[in-house]
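**Student:** Here's my sequence, what's the structure:
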Amino acid sequence: MEFVEKLESFILSKIMRYKMPGLSIAIMSSGELVYAKGFGFRDLEYSQPATPQTSYCVGSVTKAFTAVAIMQLVERGLVSLEDPVSRYVDVIKSPEVKISHLLTHTSGIPALGYAEALIESFYKLRTDLLLPIAKPDDVLSFMRDHTEYPHFKPGERWFYLNEGYVILGKVIEKVTGVNYEEYIRREICNELGMVKCYFTREEYSRDQDKATPYYVSQDGGLVRAEPIFGVSADGGLFTSPLDLVKFAYMLADRGVWSGKRVLSAKSVELMETPHVKLPYESPTSRYYGYGLIIHDEFAGRYKLVGHSGSVYVYTAYMGYLPERKVAVAIASNISGYPLSLIGAYALALAAGVEEEALKFLVVDRVVERVEGLYSGYKDTVRLRVRRAGDTLILEDVTARRPPTPLVLEHVDENYAKFYIATLYTKIPVEFYIEKDKVLMIYERYLLVKRAT
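**Tutor:** Predicted coordinates:
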């Protein structure tokens, strides 16, 4: 299949370029599993290969499960989207904050940073902080002073709030009388026939096909790590792409899996409704719904729904095109190339979407061409362009000036325009891309790419 050849070539190029040890992916179309494969290693030390059934922590993809659980409870009359959160969890004092606000990250409370601080202290990225959070109740204790932190009225602004989804997990426990993890397993995972669906270290230790997490050290090497446990409704689910794609396809099929209704079509459509516009836009995101991210013009014409997840040492993405009944799930045991873009490419190929409509492919090709060492006339000026995550960096080889991010303004196959922003000036940096050379125009200089 041409689609398989293209997809595998794309994935291999990204995992090699970004030093990603392992990656697993699964795709469903029209109710059938059309592709599933593991790439690289789930564990480098023991040369264990990744498989489609390899378990990864999917991070914030868990939020979609939490949102489905809330919508199930709404359908059963156990909770209302307009209920004040304070009715269930007393850490939120204002009766103006509704369940719907937490689902859409519009409670008005800016991110309190518990997840970031937990990850950074756990992996010793910060040595000045140790955040004592081992379970969801610890997050609630951490939040006790949040009313002293400046915030907006509910519904005024979008602030991605991990703590809000921790609270939703507690709401689920309050109204069902069972713990969050057990509810997700019983009412969602079991209904979908998901083999892998867990949250605890004990379950992780028993798993015979799990991914060992890694991160990149300051010197560029891969560091073997341990997962963080104790995170729950906002980002603690472990599952495999082969199982996760069932969840994504259930949503694509309006709440039905294998003839069984897990959620009403009305609830799915409410989850997919663009409730708030995001303050940023990417090829896969423009709006936030209920635990789902929506782009209403993917490839210029399709509705793309999904969610990404990252806990620093694991990344994941699940997404689907409801109009085409195609879904994808993908996960890796490191942070690297955005999995949302690999997932978007996979969906486009599986749905027969024209590659020319995927602008991020052009950006990728151009960035690969412009990266490298540039020199001016007789090597009097030397600059380097390198990629750092999702950013291009311009460096003065002589180190007379600090490295500077390049902000993309325009791109096509033969020309790209970026700019450097200062307090008072917007300086263009242009690249002219020819078959056998690349030219850079920056300030007063014309430079030629000499090497990668």
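
**Student:** residue boundaries of the strands in the stretch 301-450 of the chain?
**Tutor:** For the stretch 301-450 of the chain, the strands defined by DSSP state E, counting those that start in this stretch cover 302-310, 315-321, 326-332, 372-375, 382-388, 391-396, 404-412, 415-421, 426-433, 438-442, 445-451.

**Student:** buried sites along the fifth one?
**Tutor:** Spelled out, that is strand 382-388. Buried residues in strand 382-388, counting neighbours by 16 or more other Cβ atoms under 10 Å, are found at 383, 385. Every C-beta, even on glycine, is put in place using the N, C-alpha and C of the backbone.

**Student:** helices or strands up against that strand?
**Tutor:** On a contact count with 3 or more Cβ pairs under 8 Å, 6 or more residues apart in numbering; DSSP states H and E, strand 382-388 meets strand 372-375, strand 391-396, strand 438-442.

**Student:** Same list (those strands) but as JSON lines, adding mean pLDDT, distance to Val328 and mean neighbour count.
**Tutor:** Shown next, in JSON lines, are the helices and strands packed on strand 382-388 (pLDDT from 0 to 100; distance: least, Cβ to Cβ, whole Å; neighbours: other Cβ atoms under 10 Å):
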{"stretch": "strand 372-375", "mean pLDDT": "96", "distance to Val328": "33", "mean neighbour count": "19"}
{"stretch": "strand 391-396", "mean pLDDT": "94", "distance to Val328": "26", "mean neighbour count": "16"}
{"stretch": "strand 438-442", "mean pLDDT": "97", "distance to Val328": "33", "mean neighbour count": "19"}
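
**Student:** Compare these and report which one is nearest to Asp296.
**Tutor:** Nearest to Asp296, of all the helices and strands packed on strand 382-388, is strand 391-396, at 26.3 Å by Cβ to Cβ.

**Student:** Pull up the pairing partners for the closest one, direction included.
**Tutor:** Strand partners for strand 391-396, identified by DSSP bridges, are recorded as strand 382-388 (antiparallel), strand 404-412 (antiparallel).

**Student:** In JSON lines: the ones you listed, plus mean pLDDT.
**Tutor:** Formatted as JSON lines, the strands paired with strand 391-396 follow (pLDDT from 0 to 100):
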{"stretch": "strand 382-388", "mean pLDDT": "93"}
{"stretch": "strand 404-412", "mean pLDDT": "95"}
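
**Student:** Now distance to Ala67 too, for those strands, in a markdown table please.
**Tutor:** As requested, those are arranged in a markdown table below (distance: least, Cβ to Cβ, whole Å):
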| stretch | distance to Ala67 |
| --- | --- |
| strand 382-388 | 33 |
| strand 404-412 | 32 |
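
**Student:** and Tyr424, which of those strands is closest to it?
**Tutor:** Going by Cβ to Cβ, the one of the strands paired with strand 391-396 nearest Tyr424 is strand 404-412, 14.8 Å.

**Student:** okay, the angle between the closest one and strand 415-421?
**Tutor:** 150 degrees (axes from the mean of the first three to the mean of the last three Cα atoms, to 10 degrees).

**Student:** Report the angle between strand 404-412 and strand 438-442.
**Tutor:** Orientation check (the same axes, to 10 degrees): strand 404-412 against strand 438-442 gives 120 degrees.

**Student:** so strand 404-412 versus strand 426-433, what angle?
**Tutor:** Inter-element angle recorded for strand 404-412 and strand 426-433: 50 degrees (by the same axes, to 10 degrees).

**Student:** Report the contact partners of the nearest residue to Asp43 once chain neighbours are set aside.
**Tutor:** Of all residues not flanking Asp43 in the chain, Thr212 sits nearest, at 4.3 Å (Cβ to Cβ, 6 or more residues apart in numbering). Taking Cβ atoms under 8 Å, 6 or more residues apart in numbering, we find Thr212 in contact with 42-45, 224-225, 333.

**Student:** mind redoing it with 10 Å?
**Tutor:** 21-22, 41-46, 48, 224-227, 313, 333 (Cβ atoms under 10 Å, 6 or more residues apart in numbering).

**Student:** Shouldn't it be within a helix?
**Tutor:** No - using DSSP: H, G, I helix; E, B strand; the rest coil, the assignment for Thr212 is coil, not a helix.

**Student:** which one of the helices and strands packed on strand 382-388 lies closest to Ala115?
**Tutor:** Of these, the one closest to Ala115 (Cβ to Cβ) turns out to be strand 391-396, at 22.0 Å.

**Student:** my guess is Val305 contacts Arg254, does it?
**Tutor:** No - Val305 lies out of contact with Arg254 (Cβ atoms under 10 Å); the separation is 11.8 Å.

**Student:** Compare these two and say which one has the larger neighbour count.
**Tutor:** Val305 (27 against 17; other Cβ atoms under 10 Å).

**Student:** Just the pLDDT for that one.
**Tutor:** If you check Val305, the pLDDT there is 98.

**Student:** Next, the residue nearest to Phe122 when sequence neighbours are not counted: secondary structure please.
**Tutor:** Leaving aside its chain neighbours, Phe122 sits nearest to Ile228 (5.3 Å; criterion: Cβ to Cβ, 6+ apart). With three-state DSSP as the basis, Ile228 sits in coil.

**Student:** Just give the number of residues close to Ile228.
**Tutor:** Counted with other Cβ under 10 Å, residues neighbouring Ile228 total 22.

**Student:** what's it sitting at in phi/psi?
**Tutor:** When read as degrees, to the nearest 10, the backbone of Ile228 gives phi -90, psi 130.

**Student:** Return the distance of it relative to Val353.
**Tutor:** According to Cβ to Cβ, to the nearest Å, Ile228 and Val353 sit 36 Å apart.

**Student:** Strands along the stretch 101-250 of the chain, start to end?
**Tutor:** For the stretch 101-250 of the chain, the strands defined by DSSP E, counting those that start in this stretch cover 214-216, 222-224, 238-239.

**Student:** hey, which of these is tucked in deepest?
**Tutor:** Ranked by mean neighbour count, the strands of the stretch 101-250 of the chain are led by strand 238-239 with a mean of 26 (mean count of other Cβ atoms under 10 Å).

**Student:** Let me have the strands of the stretch 301-450 of the chain in a markdown table, extended by distance to Ser232.
**Tutor:** Below are the strands of the stretch 301-450 of the chain laid out as a markdown table (distance: least, Cβ to Cβ, whole Å):
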| stretch | distance to Ser232 |
| --- | --- |
| strand 302-310 | 13 |
| strand 315-321 | 16 |
| strand 326-332 | 18 |
| strand 372-375 | 45 |
| strand 382-388 | 32 |
| strand 391-396 | 32 |
| strand 404-412 | 35 |
| strand 415-421 | 40 |
| strand 426-433 | 44 |
| strand 438-442 | 48 |
| strand 445-451 | 49 |
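
**Student:** Ser9 is nearest to which of those?
**Tutor:** Among the strands of the stretch 301-450 of the chain, strand 326-332 comes nearest to Ser9, with 15.8 Å by Cβ to Cβ.
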